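Visitor: need coordinates for the below:
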Amino acid sequence: MNILLVGGSSGFMNRLIQKMKKEGHRVCLLTGNRFKDSSYNRVFESYRFSYDSESVGRVFESVAPDVTVFLGAYDANFHWSEEQRNTPAQFMKGLISLLMGFRGVGKGRFIFLSSDEVYGGDHDQDLTEKDEPRPDTAKGMALAQGEKLCESFGRMMERDIVVLRLQHLYGIPQRRTDCNESVTWLCLEALRGNALSGDGDRKLAMLFESDAVEYIYQTASCPGHRSWLYNLSSSVETSELEVAGWVGAAMGREEGPVPAPGPDARRCVLSNRRFMQEFSAILRGDTQSNIEKIAAYMKAHQDVFLTEMERTPTLWERIKRGAGGVINALIPFAENLLCFIPVYFLNAWAAGSGYASRLDIWLLYVLLFSVVHGQHQALFSALLATVGYFLQQSSARGGFEVAVDYTTYVWIAQLFIVGLLVGYLRDQIQSLKDEAADEQEYLSDQLTDIRSINASNVRVKDALTTQILNQNDSIGKVYYVTSSLNQVMPEEVLFRAAQMLGELMESRDVAVYTVSNRDYARLFSYTSPLAKQGGGSIRYRELGKLSEALENHKVFINRELDEQYPMMASAIYSDDEMQTIVMIWSLPWERMTLGQADYLVVCGYLIQNAVVHANRYLATLRDSRYVEDGELLSQEAFRALAGSFLRAEADGLTECSLVEVTSGSGTTAEIGRMVRSALRANDYTGTLDGKKVCALLTNTTLPQADIVMKRFREKGLQCRIREDSGL
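Guide: You can find the predicted model right below:
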């Protein structure tokens with residue numbers, strides 16, 4: 001099926017994607033916003049459009065979904081807070097847009113997820129689908145209106161629309177933003193080290209995400225349903241105080257939760273009887289054990305759920321956090337001080353040199369740090385240069401004379417002006433470089449997004465083109481391929497059938513078994529060494545799940561990937577008797593679907609038609625094919641049969657041995673009966689080159705043929721392997 005999931009990114013959405021993909025359906029996604037979000041699980045195609053976009057209708061036309069699931073109450077795109085007063089209007093607008101897009105497709109089923117927030121107040125009895133919603137919040141009112149809209153839209157437009165009302169959905173969060181209900185929020189509070197509290201008078205029932213996903217899939221995949229509205233709930237009454245106690249115990253808290261009574265008692269428990277009875281659904285776990293799983297996961301991944309401020313850092317982390325910034329800030333000053341010392345002595349040497357006396361070493365020193373580190377280090381290096389200048393000049397002329405010399409202050413002003421100006425220019429250039437780098441990174445991300453979108457479009461185009469050109473799954477192509485079996489010799493049909501089935505199923509490892517005595521199946525042909533790993537002769541009734549599926553006329557699918565079983569197997573029946581077993585030993589996981597199983601059944605029966613035609617043809621010619629009271633094939637018939645087996649062996653489809661038998665006395669008929677008594681039911685005897693009796697041992701290697709030849713010798717027969725293939 002084509003599944004269209006509609007909603008924002010969340011752990012619940014990802015679990016729905018995993019479930020639909022695991023069941024072999026093609027999943028597409030309408031995100032509800034135009035921003036790229038890598039937190040979604042991979043799907044066949046993602047459409048990043050808002051719900052009120054004009055492109056929503058084209059998305060439905062492109063996907064042509066068999067089932068559309070709108071997360072509704074659990075859509076992360078809607079923020080139900082008092083500050084977001086326009087959220088109910090946006091929600092209804094988006095729902096109407098989705099329903100109109102669904103109407104344009106003209107087929108499929110639309111599933112809208114609501115919640116228990118449509119009910120307000122206190123209720124002594126469990127609420128059923130017949131109880132009228134009485135919301136007391138803006139979100140509950142919007143959801144109640146959405147339910148009515150879906151009901152009236154489905155009735156007037158004659159469309160299949162289902163509303164699933166989930167009560168207090170909770171599950172294992174993938175990130176901090178998924179902690180948006182009481183269980184995960186209490187776990188988060190416990191990780192923070194805060195006290196836990198709960199209202200013992202607030203009663204409710206809770207639904208685990210894995211159960212909810214299973215129920216939604218049952219609704220999506222069922223052929224029909226009796227009602228348009230179902231309550232999904234555990235129907236097990238629990239109080240907030242009990243939940244807080246379970247969370248505290250799972251988190252290893254010694255102190256119990258603090259009772260926090262609310263303004264009034266409130267009980268709201270939804271009855272799930274209608275859904276459970278119609279779909280024979282079950283609950284997979286109790287609330288307490290589910291809470292223990294959530295707590296264990298969040299404790300093991302605290303870094304995901306706690307911010308750096310909330311996490312208690314180690315001593316070494318605190319030292320690095322406190323000293324790291326200081327060290328980084330002090331490094332340029334340390335460099336400046338270290339460079340000051342050699343510059344001081346270099347300037348003293350230059351002052352006494354006739355060649356370098358006019359070179360201002362202090363100015364070069366300030367310029368160096370202005371260019372490398374900017375204004376701050378320009379100012380600091382200028383101060384150090386001033387101190388060094390005073391020290392050197394005072395030793396030569398006296399400190400007072402240097403202090404009253406106006407040229408000293410002109411030189412200092414020149415030093416600071418040049419240093420600060422160069423430092424300012426350096427900072428501006430660096431700022432422009434940083435802005436250019438940020439812009440380049442942004443444009444690179446945009447280019448990556450464009451390439452990703454283009455690659456996705458190309459992938460979809462190629463997939464559709466391949467599907468149109470090849471039509472691998474079309475009945476026309478299957479019939480065209482299988483009908484070519486009618487062109488081969490009757491004796492070669494099952495050999496070529498293995499090759500044909502491998503081509504249709506796109507698998508290199510196919511084995512064909514023929515059933516005998518209703519208990520055993522004998523390997524007839526195979527397309528690779530891997531395909532014959534099941535054995536040459538098997539008692540298929542002892543193969544557990546495989547035999548159970550085949551005897552119930554079902555296709556076996558190895559979903560557990562057990563190495564002792566093929567990936568897929570199917571039995572072909574004739575007159576309610578199993579005739580042939582087909583085993584596919586290698587198949588990609590994505591092709592192990594119910595649709596592919598039906599495809600295998602169709603291919604198998606079309607191949608069986610060719611086999612039946614060949615058997616009828618051979619039965620018609622039985623009198624002309626057999627001699628000596630039906631024990632021996634005639635020379636012409638045996639030559640054709642042996643030639644078919646030898647050609648198949650050369651193509652790697654089977655193994656066989658041809659044994660020539662002679663005797664000093666006895667007629668050909670007597671020798672034939674003696675040979676026949678020592679063979680299996682699936683071996684053949686016939687005459688070659690006059691009156692020579694030969695035995696064709698099917699699926700037999702030379703070492704295995706030695707065992708059969710030993711039986712012949714015990715009966716007084718002389719035999720040898722016939723090596724020549726001139727048949």
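
Visitor: for the stretch 301-450 of the chain, which segments count as helices?
Guide: Secondary structure of the stretch 301-450 of the chain (DSSP state H, counting those that start in this stretch): helices located at 302-305, 315-351, 361-373, 375-397, 399-404, 406-470.

Visitor: highest mean neighbour count out of these?
Guide: Most buried of the helices of the stretch 301-450 of the chain by mean neighbour count (mean count of other C-beta atoms under 10 Å) is helix 361-373; its value is a mean of 20. Glycine gets a C-beta too; all of them are placed from N, C-alpha and C.

Visitor: show the average pLDDT along it.
Guide: What helix 361-373 shows for mean pLDDT is 83.

Visitor: where in the stretch 251-400 of the chain is pLDDT low?
Guide: Along the stretch 251-400 of the chain, segments meeting pLDDT under 70 span 262-264, 308-325, 352-358, 396, 398.

Visitor: quick one: the helices of the stretch 301-450 of the chain as CSV, columns for distance to Val247 too.
Guide: Listed next are those as CSV, based on distance: least, C-beta to C-beta, whole Å:
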stretch, distance to Val247
helix 302-305, 14
helix 315-351, 27
helix 361-373, 53
helix 375-397, 52
helix 399-404, 75
helix 406-470, 40
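
Visitor: nearest to Tyr119 among the ones you listed would be which one?
Guide: Using C-beta to C-beta as the measure, helix 302-305 is the one of the helices of the stretch 301-450 of the chain that comes nearest Tyr119, at 30.7 Å.

Visitor: can you give the distance from the closest one to the centre of its chain?
Guide: On the basis of C-alpha atoms, centre = their mean, to the nearest Å, helix 302-305 sits 24 Å off its chain's mean C-alpha point.

Visitor: outside of that helix, which residues touch it?
Guide: Outside helix 302-305, the residues that touch it by C-beta atoms under 8 Å, 6 or more residues apart in numbering are Pro173, Gln174, Arg175, Arg176, Cys179, Leu188, Leu191, Met298, Arg311.

Visitor: before we move on, back to that, do you know which of the helices of the stretch 301-450 of the chain lies nearest Ala64?
Guide: That would be helix 406-470 among the helices of the stretch 301-450 of the chain, by C-beta to C-beta, at 11.8 Å.

Visitor: any idea which element Asp131 lies in?
Guide: Element membership for Asp131, per DSSP states H and E: none, as it lies in no helix or strand.

Visitor: coming back round to it: nearest to Leu5, of the helices of the stretch 301-450 of the chain?
Guide: helix 406-470 (16.5 Å).

Visitor: got a ChimeraX select line for the buried ones in the contacts of helix 302-305?
Guide: Under the burial definition 16 or more other C-beta atoms under 10 Å, those of the contacts of helix 302-305 that qualify are selected in ChimeraX by:
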select :173,174,179,188,191,298
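
Visitor: mind checking which of the contacts of helix 302-305 are in helices?
Guide: Leu188, Leu191, Met298 (DSSP state H).

Visitor: surely the last one meets Thr184?
Guide: By that I understand Met298. Yes: using C-beta atoms under 8 Å, Met298 is in contact with Thr184, at 7.5 Å.

Visitor: so what sits against both of the two?
Guide: Joint contacts of Met298 and Thr184 (C-beta under 8 Å, 6+ apart) are Pro173.

Visitor: if we can go back for a sec, indicate which one of the helices of the stretch 301-450 of the chain is closest to Ala195.
Guide: helix 302-305 (18.0 Å).

Visitor: who touches Leu229 in this structure?
Guide: Leu229 touches Glu129, Glu147, Glu151, Val162, Val163, Arg165, counting by C-beta under 8 Å, 6+ apart.

Visitor: for ChimeraX, what selects the buried ones among these?
Guide: In ChimeraX syntax, the buried subset of the contacts of Leu229 is picked out as below (16+ other C-beta under 10 Å):
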select :129,147,162,163,165
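
Visitor: picking up where we left off before, nearest to Leu241 among the ones in helices among the contacts of helix 302-305?
Guide: Nearest member of the ones in helices among the contacts of helix 302-305 to Leu241, counting by C-beta to C-beta, is Leu188, at 18.0 Å.

Visitor: domains of the protein?
Guide: 2-305, 315-438, 475-619, 622-721 (automatic domain parsing).

Visitor: can you lay out the ones you listed as TSV showing distance to Ile450?
Guide: Output for the domains of the chain, formatted as TSV (distance: least, C-beta to C-beta, whole Å):
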stretch	distance to Ile450
domain 2-305	11
domain 315-438	19
domain 475-619	28
domain 622-721	48
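
Visitor: and for Lys19, the neighbour number?
Guide: Lys19: 18 surrounding residues under other C-beta atoms under 10 Å.

Visitor: what's the neighbour count on the nearest residue to Gln430 once chain neighbours are set aside?
Guide: Residue nearest to Gln430 in three dimensions, not counting chain neighbours: Gly374, with 7.2 Å by C-beta to C-beta, 6 or more residues apart in numbering. By the criterion of other C-beta under 10 Å, Gly374 has 21 neighbours.

Visitor: counting neighbours, which bits of stretch 514-528 end up buried?
Guide: Judged by neighbour count (16+ other C-beta under 10 Å), stretch 514-528 contains these buried residues: Thr514, Val515, Tyr520, Ala521, Arg522, Leu523, Phe524, Ser525, Tyr526, Thr527, Ser528.

Visitor: out of these, which one sits closest to Gly106?
Guide: Using C-beta to C-beta, the buried residues of stretch 514-528 come closest to Gly106 at Thr527, 43.4 Å.

Visitor: wait, the closest one touches Leu653, no?
Guide: Yes: Thr527 lies in contact with Leu653 (C-beta under 8 Å); the separation is 6.7 Å.

Visitor: between those two, what contacts are shared?
Guide: In contact with both Thr527 and Leu653: Ala498, Gln499, using C-beta under 8 Å, 6+ apart.

Visitor: got the phi and psi for Ile557?
Guide: phi -120, psi 120 (degrees, to the nearest 10).
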